[in-house]
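Asks: I would like the atomic coordinates for the input below:
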Amino acid sequence: MNALRRRILRLATLLGALTVVFACNAPFIPVPPPGATFTAELTDDGMGGQKTVWITHGLPSSHAALARYSVVNQATGEGVVATAAADGTFTADPIDGVENDHIELYYRTPQGDYSESICLLLTETVGSNGSAPETSCLP
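Replies: Next up is the predicted model:
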């Protein structure tokens, strides 16, 4: 009888260990990357002249409802954070930049999931997907 109990205990231990291994290795499902467009706007530069600032407009996405977007200009290292509406759209505060700067864009959902990061060209041109053209954020 002791041999049978040991076999059952070993089997239960093995099954428990396998359950823990598979539970800790749940499949990662990435949140789709965002899309956005940019609008250029002239503003006072504070020294009597004018400069161009850029306003980021997030495209609708049900995955990004109420998410916090990060918009970072790779050339300047500066960025802004904006909160999306229930449909995933947002309008961020203006950022400095020049046309064709690389803008990194990603969001974090209220549940704590992060989207993939994408890099967009800072331009008013819109691609076939309704977003600014994608580029590489690598130097």
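Asks: now Lys51, which residues is it bridged with?
Replies: Beta-bridge partners for Lys51, by DSSP bridges, are Thr43.
Asks: That one touches Asp45, doesn't it?
Replies: Yes - with contact defined as Cβ atoms under 8 Å, Lys51 reaches Asp45; the gap is 4.2 Å. Glycine gets a C-beta too; all of them are placed from N, C-alpha and C.
Asks: Now do the same contact list for the residue nearest to the spatial centre of the chain.
Replies: What sits nearest the mean C-alpha location of the chain, by Cα atoms, centre = their mean, is Tyr106, with 1.9 Å. Residues near Tyr106 by Cβ atoms under 8 Å, 6 or more residues apart in numbering: Pro33, Pro34, Tyr69, Ser70, Tyr114, Ser115, Glu116, Ser117, Ile118.
Asks: average model confidence for the strand or helix carrying it?
Replies: Using DSSP states H and E, Tyr106 maps to strand 102-108. Confidence for strand 102-108, expressed as mean pLDDT, is 95.
Asks: Not counting the helix or strand following it itself, show me its contacts.
Replies: Going down the chain from strand 102-108, the next helix or strand is strand 118-121, by DSSP H and E. Residues from elsewhere that reach strand 118-121 (Cβ under 8 Å, 6+ apart): 33-36, 38, 74, 100-106, 131-137.
Asks: Recalculate using a threshold of 10 Å.
Replies: Outside strand 118-121, the residues that touch it by Cβ atoms under 10 Å, 6 or more residues apart in numbering are 32-38, 56, 71-72, 74, 99-106, 127, 131-138.
Asks: ok, back up a step: next, show the common contact partners of Lys51 and Asp45.
Replies: Common neighbours of Lys51 and Asp45 (criterion: Cβ under 10 Å, 6+ apart): Asp96.
Asks: re the thing from before, so how far is the strand holding Tyr106 off the chain centroid?
Replies: Remark: strand 102-108 is offset 5 Å from the chain centroid, using Cα atoms, centre = their mean, to the nearest Å.
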